[in-house]
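Chemist: Need a 3D model of the sequence below.
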Amino acid sequence: MITWIRNWVITIATAVIFITAVEMILPNNKMKKYVQFLLGLILISVVINPIIKIINNNTDVSAYIEKASQYFDDKKYEQNIEKYKQIDKENTLSVFKENIENETSKILKDKYPSMNYKVSANVKLDDNTNQALIQSVEVGVNDRTIEKVRKVSIGDSSVEGSNSVNIDTRDKIVSFLSEQLKINKEDIKIYKY
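Modeler: I've put the predicted structure just below:
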């Protein structure tokens, strides 16, 4: 037991001398506080490791340190970072798309309150600037009027009627959305639902 305590004290003293020498060599810059933090963790592990061994013979702090070191050596963290970046991009695009659709419906309802709207946006993430961009917008318009009954011919595949929005209304909506969303008029599609 005495030799064990003697070895523990020698290990602590060696760690303190090593840490002091490293701190003396370090330049005064932003990295110094991070290196001091890391050295403090090393000292804590040197002090606590024997105590943990006494409490639980199966626990070894140095094994945990070695696993963490192996994790960084294998660069598994880079794979995780890329995975989380991709998930973050997908979530960002999804929220951006939902916000564009809701906001477009709202501004259309404010501008033209006599109609109902269904908005669907197509968005993408620009890899160079990391910005979410609107590629196109499709707007379904319902003017709340009762439609005329379409002529249906039995045995004939043609049906009279139109599923398009009044040209004047369509042009007004396209111009308004192009100005509000800062996208080309060609990227805005209007249909009647």
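
Chemist: so after the longest helix seen in the chain, what's the next helix or strand?
Modeler: For the chain, the longest helix by residue count, based on DSSP state H, is helix 76-111. Under the assignment DSSP states H and E, the closest C-terminal helix or strand after helix 76-111 is strand 116-126.

Chemist: Quick one: mean pLDDT over that following strand.
Modeler: Model confidence over strand 116-126 averages 91 on the pLDDT scale.

Chemist: buried sites along that strand?
Modeler: Of the residues in strand 116-126, those buried by neighbour count under the rule 16 or more other C-beta atoms under 10 Å are Tyr117, Val119, Ala121, Val123. Any C-beta I mention is one placed from the backbone N, CA and C, and that applies to glycine too.

Chemist: Which one of these is nearest to Lys67?
Modeler: Val123 (41.2 Å; C-beta to C-beta).

Chemist: Quick one: residues contacting the closest one.
Modeler: When contacts are counted by C-beta atoms under 8 Å, 6 or more residues apart in numbering, Val123 touches Leu93, Phe96, Lys97, Ile100, Ala132, Leu133, Ile134, Gln135.

Chemist: And for the nearest residue to it once chain neighbours are set aside, the neighbour number?
Modeler: Beyond its immediate neighbours in the sequence, the residue positioned closest to Val123 (C-beta to C-beta, 6 or more residues apart in numbering) is Lys97, lying 4.8 Å away. Using other C-beta atoms under 10 Å, Lys97 has 17 other residues around it.

Chemist: Would you confirm that Lys97 contacts Leu125?
Modeler: No - at 10.9 Å, Lys97 does not count as touching Leu125 under the criterion of C-beta atoms under 8 Å.

Chemist: Test my guess that Ile12 contacts Ile48.
Modeler: No - at 10.7 Å, Ile12 and Ile48 do not qualify as touching, with contact defined as C-beta under 8 Å.

Chemist: more crowded one of these two?
Modeler: Legend: neighbour count by other C-beta under 10 Å for Ile12 and Ile48, higher for Ile12 (14 against 11).
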